[in-house]
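**Student:** I would like the atomic coordinates for the input below:
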Amino acid sequence: MSDLKILTDQYLEDGGNLATHDKILTQAIIQNDQEGLEQVVKLAKDDYGGGTYKWELKHTANIVVLNWGEEGLDAIYKMAIKDQNMPNVKGVITLLAYVACGKPEEYSFVTKSFNSYKKLKISSKKYKSESLKIKAKTLLVDLIKEVEREDKFPFSLLSSLQTTYLAPDVQEQIFVSLIMRWFHLSGRSIENYYELINSKDNSEPHCHNFLKQNPFLLEPFYSKLWSKPRYGELFVPDFVLKSMDNSYTIFEIEDPNKPIITKSGNLSSQATHAKRQALEYREWVISNQLYAKTRFPDIWRPTAIVVIGMEKKLTEAQKMRLNQENESTQGILKIVGFDWIYERAKISFHNMLQYGFDN
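**Tutor:** Next comes the predicted model:
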């Protein structure tokens, strides 16, 4: 057991005091290793017997994780997710919001007279880099999504916005993250989807269920999603999705392991079959407008998307052939790979984080 860990454990057992707290944080910064980060996170998590000055101790430890950059933010995020202690969660949310808007030096409750804080040099440009801000925004959205999951209106999180000491742009970061929670937008879900489609367990039913639980992957600004709705007696598409602008899209989901284009440059039989089904669904809606609108309000000439295979497996010639096939349908129908869904969702989410928070 290292000296730093022994000192930290003894300190927490005896109860917090400012001098020892600062000593541990300073030593952790000097070590600048994984163990140092672990001890800092311990200090951020502990409740210090509920003492009145505990916030100075906890928040100063919070800010020191920035010494480890993105790794530090990951560590404090994981602590908050695992701990689910609302005061700790709020503290981490506040830290992430300040970093996200590039103002970590304004983070409140920090004991700025500490040697550790001075050693951190929090006004340094490295704590305001675009990569660190995007990381903080991503974790902020994911953290707000993962706590109080059963509550449609997470009042404990909403109360964070009522704190008068928070700068307006910091409050805005939290508010926009709450909005993204209600849209179910999540960077972690996007990466979980990527892992699924590249796993051995990437069958069509598993992919269907994942997309059903995360409809923003199909359309970031969706309004409503229907899974396997019945069209009359014959037609059962995988998904019907209504967007915010009242437009509709029919999705036919196949298997990530099925081919899109053959070696000879033709649509595979599986892709051809899925394309025909999607067009039949679309034609049924157009031909049965009155009945269709009883199930799907305002539906009118929906577009269709067939999701099959993986585009990364295509050669350049096959990709060109797929582009030609999609151009031939003049926007009515598009054939894409499961990895196309991932790339579009990833880019959309990144752009929302990078530009959606800006004025």
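
**Student:** care to break this protein down by domain?
**Tutor:** Listed domain ranges for the chain are 3-182, 203-338 (source: automatic domain parsing).

**Student:** can you flag the weakest of the ones you listed by average pLDDT?
**Tutor:** For the domains of the chain, the bottom mean pLDDT is recorded on domain 3-182, which sits at a mean of 87.

**Student:** would you mind measuring the gap between the ends of it?
**Tutor:** End-to-end distance for domain 3-182, by CA to CA, to the nearest Å: 46 Å.

**Student:** again, but for stretch 241-258
**Tutor:** 24 Å.

**Student:** relative to residue 355, which of the domains of the chain is closest?
**Tutor:** domain 3-182 (10.9 Å; CB to CB). All C-beta spots, glycine's among them, are computed from the backbone N, C-alpha and C.

**Student:** re earlier: mean neighbour count and distance to residue 346 added to the domains of the chain, as TSV?
**Tutor:** Below are the domains of the chain laid out as TSV (neighbours: other CB atoms under 10 Å; distance: least, CB to CB, whole Å):
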stretch	mean neighbour count	distance to residue 346
domain 3-182	18	11
domain 203-338	17	10
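
**Student:** can you put those in TSV and add distance to residue 194?
**Tutor:** What follows is the domains of the chain, written out as TSV (distance: least, CB to CB, whole Å):
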stretch	distance to residue 194
domain 3-182	14
domain 203-338	9
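
**Student:** which is the next helix or strand following the helix or strand where residue 176 lies?
**Tutor:** Assessed by DSSP states H and E, residue 176 sits inside helix 168-182. Downstream of helix 168-182, the first helix or strand assigned by DSSP H and E is helix 187-197.

**Student:** mind checking how far that following helix is from the chain centre?
**Tutor:** Centroid separation between helix 187-197 and its chain, computed with CA atoms, centre = their mean, to the nearest Å, is 9 Å.

**Student:** just stretch 296-304 next, same as before
**Tutor:** 29 Å.

**Student:** how far does it stretch from one end to the other?
**Tutor:** The distance separating the two terminal residues of stretch 296-304, taken as CA to CA, comes to 15 Å.

**Student:** can you tell me what sits against it?
**Tutor:** Stretch 296-304 is contacted from outside by 226, 229, 240, 242, 246-252, 278-279, 281-282, 285-286, 289, 292-293, 331-334, using CB atoms under 8 Å, 6 or more residues apart in numbering.

**Student:** just to revisit the earlier point, between the domains of the chain, which one is closest to residue 191.
**Tutor:** Closest among the domains of the chain, using CB to CB: domain 3-182, at 10.0 Å.

**Student:** residue 197: which of the domains of the chain is closest?
**Tutor:** Nearest to residue 197, of all the domains of the chain, is domain 203-338, at 4.5 Å by CB to CB.

**Student:** that closest one: how far from the chain's middle?
**Tutor:** So, by CA atoms, centre = their mean, the centroid of domain 203-338 is 24 Å from its chain's centroid.

**Student:** that one: end-to-end distance?
**Tutor:** Start-to-end, domain 203-338 (CA to CA) is 12 Å.

**Student:** again with stretch 229-240
**Tutor:** 7 Å.

**Student:** then stretch 197-213?
**Tutor:** End-to-end for stretch 197-213, by CA to CA: 15 Å.

**Student:** got the residue ranges for the strands in the stretch 151-300 of the chain?
**Tutor:** Ranges of strands within the stretch 151-300 of the chain are 222-227, 239-243, 248-253, based on DSSP state E, counting those that start in this stretch.

**Student:** as CSV, the ones you listed with distance to residue 267 would be great.
**Tutor:** As requested, these are exported to CSV (distance: least, CB to CB, whole Å):
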stretch, distance to residue 267
strand 222-227, 26
strand 239-243, 21
strand 248-253, 13
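
**Student:** looking at those strands, which is closest to residue 11?
**Tutor:** Taking CB to CB, strand 222-227 is the member of the strands of the stretch 151-300 of the chain nearest to residue 11, at 50.0 Å.

**Student:** packing partners for that closest one?
**Tutor:** helix 204-213, strand 239-243 (3 or more CB pairs under 8 Å, 6 or more residues apart in numbering; DSSP states H and E).
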